[in-house]
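Enquirer: Predicted model, plus sequence, below.
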Amino acid sequence: MHSLYTRTDMNQLDQLKQYTTVVADTGNFKQLAQFKPRDATTNPSLILKAVQQADYAPLLVETVAAHADSPLDQIVDQVLVRFGLEILQVVPGRVSTEVDARLSFDTAATVARARRIMALYEAAGIGRERVLIKIASTWEGIQAAAILEKDGIRCNLTLLFAFCQAVACGAAKVRLISPFVGRIYDWYKKSAGSAWDESANTLANDPGVKSVAQIYSYYKRFGIATEVMGASFRNVGQIAALAGCDLLTISPELLAQLQASDAPLARALDKDAAAADLQQVSYDEASFRYALNDDAMATEKLAEGIRGFAADAFKLDHIIEGLLASIRA
């Protein structure tokens with residue numbers, strides 16, 4: 001009787017799935033099936049990109065027309081959830097849908113918007129276990145997630161760049177965090193300028209990879225149940241260096257590269273190998289804000305990320321307002 005395929009008989013994507021839950025990072029649900037991810041993540045930028053494609057324009061028009069009498073922010077949520085519902089027909093697991101980034105410093109407004117998004121999914125027959133509400137990892141966002149998790153609404157804390165953010169998310173019993181590998185790498189590369197040595201900063205030495213590996217080890221060492229999902233990858237080397245992480249969310253372009261390669265891909269992270277010399281830490285609001293402020297990379301990237309998602313939310317608003325004007329004319 002023959003055994004199952006050995007690793008070298010499988011493409012890199014299938015090898016990765018042996019160690020890690022693979023998640024597709026896209027709003028383009030028509031691309032998903034070929035990669036067979038378990039979950040999918042979206043964000044304002046990905047949804048904006050999708051709605052501007054001819055394949056998805058009818059879906060946008062239909063959704064806006066069906067809710068043309070609603071306030072703009074409610075129509076936007078209907079659009080986000082509509083894309084989420086389409087994605088859930090393709091993936092067997094969960095979809096992440098993001099709260100408006102412009103609410104990143106308002107705990108009460110974030111909670112209210114998250115509850116509304118979840119209510120829309122539930123009205124469409126989707127159980128809470130299949131949805132993650134994405135929230136920026138500000139102090140206010142983490143406190144909102146703590147409230148939502150107690151209500152049974154599971155959260156994905158995004159725009160996570162600093163160790164203090166991960167620790168605070170763990171303390172808030174957040175379901176999942178998305179540390180941003182590629183954006184951390186980008187900052188250090190830009191900061192180093194001409195002194196950057198690419199060969200010395202790849203794989204396990206990549207600053208983004210090191211950040212996620214540290215968080216993963218800390219969570220496993222201290223029994224923190226929050227799932228770690230590496231995000232924002234620039235190349236397959238970063239993905240390979242985090243094989244074994246709980247989850248990795250990967251763009252369709254990089255999923256295709258993994259699928260096209262038969263090179264061996266071994267486990268890089270192991271929950272049983274967490275460093276024993278780690279010290280457990282905790283943060284209150286003041287110490288969290290100081291630790292975040294003390295990390296120039298995380299401070300700059302968090303602010304930049306919120307600004308970027310907010311800008312794309314404004315653009316999506318503008319597209320919908322244009323459709324509303326034509327519908328109401």
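Expert: That came in fine, so what should we check first? As the structure is a computational prediction, the values presented were derived from the model and not from experiment.
Enquirer: Can you tell me the closest non-neighbouring residue to Thr63?
Expert: The shortest distance from Thr63 to any non-neighbouring residue, by Cβ to Cβ, 6 or more residues apart in numbering, is to Arg82 (4.7 Å). To be clear about C-beta, it is placed using only N, CA and C from the backbone, and glycine gets the same treatment.
Enquirer: Is it correct that the one you found is in contact with Leu59?
Expert: Yes: at 6.5 Å, Arg82 and Leu59 qualify as touching, with contact defined as Cβ atoms under 8 Å.
Enquirer: Which one's more surrounded, the two?
Expert: Arg82 (21 against 16; other Cβ atoms under 10 Å).
Enquirer: Would you tell me what helix or strand the more buried one is located in?
Expert: helix 72-88 (DSSP states H and E).
Enquirer: residues making contact with that helix?
Expert: 27, 29, 32, 40, 42, 47, 50-51, 56, 59-60, 63-64, 66-68, 70, 95, 97-98, 100, 113, 116-117, 120-121, 124, 126, 130-131, 313, 316-317, 320-321, 324 (Cβ atoms under 8 Å, 6 or more residues apart in numbering).
Enquirer: Need the CA coordinates for the helix or strand containing Arg113. PDB is fine.
Expert: Counting by DSSP H and E, the element that carries Arg113 is helix 107-123. Extracted as PDB, the C-alpha positions of helix 107-123 are listed here (Å, rounded to 0.1, in the frame of the first residue of the first chain):
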ATOM      1  CA  THR A 107     -14.000  52.400  20.700                       C
ATOM      2  CA  ALA A 108     -17.700  52.800  20.900                       C
ATOM      3  CA  ALA A 109     -18.200  53.500  17.200                       C
ATOM      4  CA  THR A 110     -16.000  50.500  16.300                       C
ATOM      5  CA  VAL A 111     -18.100  48.300  18.500                       C
ATOM      6  CA  ALA A 112     -21.300  49.600  16.900                       C
ATOM      7  CA  ARG A 113     -20.100  49.200  13.400                       C
ATOM      8  CA  ALA A 114     -18.800  45.700  14.100                       C
ATOM      9  CA  ARG A 115     -22.100  44.600  15.500                       C
ATOM     10  CA  ARG A 116     -23.900  46.000  12.500                       C
ATOM     11  CA  ILE A 117     -21.700  44.100  10.100                       C
ATOM     12  CA  MET A 118     -22.200  40.900  12.000                       C
ATOM     13  CA  ALA A 119     -26.000  41.500  12.100                       C
ATOM     14  CA  LEU A 120     -25.900  41.700   8.200                       C
ATOM     15  CA  TYR A 121     -24.100  38.400   8.000                       C
ATOM     16  CA  GLU A 122     -26.400  36.800  10.400                       C
ATOM     17  CA  ALA A 123     -29.500  38.100   8.500                       C
END
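Enquirer: where exactly do the helices run in the stretch 101-250 of the chain?
Expert: Counting by DSSP state H, counting those that start in this stretch, the stretch 101-250 of the chain has helices at residues 107-123, 139-150, 163-171, 181-192, 207-221, 236-240.
Enquirer: Deepest-packed of the ones you listed, please.
Expert: With neighbours taken as mean count of other Cβ atoms under 10 Å, the helices of the stretch 101-250 of the chain reach their highest mean count in helix 163-171, at a mean of 24.
Enquirer: Check which helices and strands that helix sits against.
Expert: With contacts taken as 3 or more Cβ pairs under 8 Å, 6 or more residues apart in numbering; DSSP states H and E, helix 163-171 sits against helix 139-150, strand 155-160, strand 176-179, helix 207-221, helix 285-294.
Enquirer: residues in contact with that helix?
Expert: Counting by Cβ under 8 Å, 6+ apart, 137, 139, 142, 145, 157, 160, 177, 179, 211, 214-215, 218-219, 222, 224, 226, 281-283, 287-288, 291-292, 295, 298 sit against helix 163-171.
Enquirer: do the same with stretch 180-196
Expert: Contacts of stretch 180-196 (Cβ under 8 Å, 6+ apart): 158-161, 201, 206-209, 211-212, 230-234, 238, 242, 297, 300-301, 305.
Enquirer: Return the alpha-carbon coordinates of the helix or strand hosting Val64 using PDB.
Expert: Taking DSSP H and E as the definition, Val64 sits inside helix 57-66. The C-alpha trace of helix 57-66 is given here as PDB (Å, rounded to 0.1, in the frame of the first residue of the first chain):
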ATOM      1  CA  ALA A  57     -19.200  46.200 -11.300                       C
ATOM      2  CA  PRO A  58     -22.600  44.500 -11.700                       C
ATOM      3  CA  LEU A  59     -22.500  43.200  -8.100                       C
ATOM      4  CA  LEU A  60     -21.700  46.700  -6.800                       C
ATOM      5  CA  VAL A  61     -24.400  48.400  -8.800                       C
ATOM      6  CA  GLU A  62     -27.000  45.700  -7.700                       C
ATOM      7  CA  THR A  63     -26.100  46.100  -4.000                       C
ATOM      8  CA  VAL A  64     -26.100  49.900  -4.100                       C
ATOM      9  CA  ALA A  65     -29.400  50.000  -6.000                       C
ATOM     10  CA  ALA A  66     -31.000  47.600  -3.500                       C
END
